[in-house]
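1. Model the structure of this input:
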Amino acid sequence: MKISGKVVCPPIDALVSLLKKNGFRVIDKGMRDYHFNEVFIKMKSPLPDKLPVINISNIQNIKSGVYACQCHWSTVYLDTVTDNECFNGGTAL
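-> Okay, the predicted model is just below:
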């Protein structure tokens, strides 16, 4: 997976793939920091209560609905998190 021409790290790619297999879809994505290849991805599911078990190496559950990789600080926000809690135009709050 690429975002803004940069390849996403394997842990984030694995997380997005797992979530897509479980009905989630990407609704927004972008590069937060080009120097560190730090991306953000926001995903939504028609069944947000059906979150799969996430056990991916180098992925941390920061708080409910927010997952980040330990390699590039890239973040995946799920639709259980409001826009005000996660980002505003791609910039972490």
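2. Lys2 touches Asp13, doesn't it?
-> No - if you go by Cβ atoms under 8 Å, Lys2 and Asp13 don't touch, sitting 9.8 Å apart. Yep, even glycine has a C-beta here, placed from its N, CA and C like the rest.
3. okay, the two: which has more neighbours?
-> Asp13 (16 against 10; other Cβ atoms under 10 Å).
4. Over to that one. Which of the three states is it?
-> helix (DSSP: H, G, I helix; E, B strand; the rest coil).
5. what's near enough to touch the nearest residue to it once chain neighbours are set aside?
-> Ranked by Cβ to Cβ, 6 or more residues apart in numbering and with sequence neighbours excluded, the top spatial neighbour of Asp13 is Met1, at 5.0 Å. Contact analysis of Met1 by Cβ atoms under 8 Å, 6 or more residues apart in numbering lists 7-8, 12-13, 16.
6. Next one: Met1 from Lys63, what distance?
-> 24 Å (Cβ to Cβ, to the nearest Å).
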